[in-house]
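Asks: Sequence below, structure please.
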Amino acid sequence: MKTISIALSFLFAVSTSLGADSPVDLKVGDKAPEFSATADDDTQWKSTSAVGKKILVVYFYPADMTGGCTKQACNYRDTMKDFTDKNVQVFGVSGDSAENHRHFKQAHQLNFTLLADTEGKIAKAFGVQTGGGFTNTANIGGKEIRFPRTVTTSRWTFVIDTDWNIAYKNSTVNPMADTAEVMKVVEKLAAVKPQ
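Replies: Just a heads-up that it's a prediction; the model follows:
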């Protein structure tokens, strides 16, 4: 009995030291996690390709073709020139597939990359809360299209500076105010370290 108790204590200690199931809690100033994902054009995008080159905006959102998410995406679309002029690259991340993302981009003429986080791995790396999946439908060009997903991501936004540090984190994002808040951060970064 004593041997079993010691063994269980050892296993508990090992799992605790490995951070088993402990959520990530990134803070401003922390190094951003490396990640890769399938983009809306079916190419593999790797964060290592961006280190030291651009400021990144990584915004997580629940689902393609839903009300708040569409407004948020269209706000990024409409202010994209302001971002690109400041050497910023924007990525939207959700549990939707690359195919879902293509329909979403086409329907709303989005001009930035959407990443498919179908297993919630990127969300987990950033500490973003996720829930179960669901399917919504949308009428695109007179055709009813289903948008299934296995993971639903919470609405969080991060800005990563050119040194690959978290410069901004918002876990209570207002989809209509997101771009304006992010632009304030980008302008401060550009003033400190001109691009």
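Asks: what about the residue nearest to Asp117 when sequence neighbours are not counted, which SS state?
Replies: Using Cβ to Cβ, 6 or more residues apart in numbering and skipping the chain neighbours, the partner closest in space to Asp117 is Val93 (5.1 Å). (C-beta placed from N, C-alpha, C; glycine too.) When classified by DSSP: H, G, I helix; E, B strand; the rest coil, Val93 comes out as strand.
Asks: May I have the beta-bridge partners of Val93?
Replies: Per DSSP bridges, the residues bridged to Val93 are Phe60, Leu115.
Asks: ditto for Phe158
Replies: Bridge pairing for Phe158 - DSSP bridges - gives Val58, Lys169.
Asks: Can you read off the pLDDT for it?
Replies: For Phe158, the model assigns a pLDDT of 98.
Asks: Ok, Gly142 next?
Replies: Confidence score, pLDDT, at Gly142: 87.
Asks: do you know how far it is from Ala107?
Replies: For Gly142, the distance to Ala107 equals 12 Å [Cβ to Cβ, to the nearest Å].
Asks: ok, the two, which is more surrounded?
Replies: Remark: of Gly142 and Ala107, Ala107 carries more neighbours, 16 against 5, as counted by other Cβ atoms under 10 Å.
Asks: isn't there a helix covering that one?
Replies: Yes - counting by three-state DSSP, Ala107 falls inside a helix.
Asks: now the strands for the chain?
Replies: Assigned by DSSP state E, the strands in the chain fall at 36-39, 44-46, 55-60, 88-94, 113-116, 130-140, 143-153, 156-160, 166-170.
Asks: Low-confidence stretches in this protein?
Replies: 1-22, 193-195 (pLDDT under 70).
Asks: What about Gly68, how many residues nearby?
Replies: If you count neighbours by other Cβ under 10 Å, Gly68 ends up with 15.
Asks: what's the distance between it and Ser94?
Replies: In terms of Cβ to Cβ, Gly68 sits 12 Å off from Ser94.
Asks: Pull up the overlap in contacts between these two.
Replies: Listed as contacting both Gly68 and Ser94 by Cβ atoms under 8 Å, 6 or more residues apart in numbering are 61-62.
Asks: number of nearby residues for Gly127?
Replies: Gly127: 16 neighbours (other Cβ under 10 Å).
Asks: if I pick the closest residue to it other than its chain neighbours, what's in contact with it?
Replies: Distance criterion Cβ to Cβ, 6+ apart; nearest residue to Gly127, sequence neighbours excluded, is Val24 at 3.6 Å. Taking Cβ under 8 Å, 6+ apart as the contact definition, Val24 lies against 33, 124-127.
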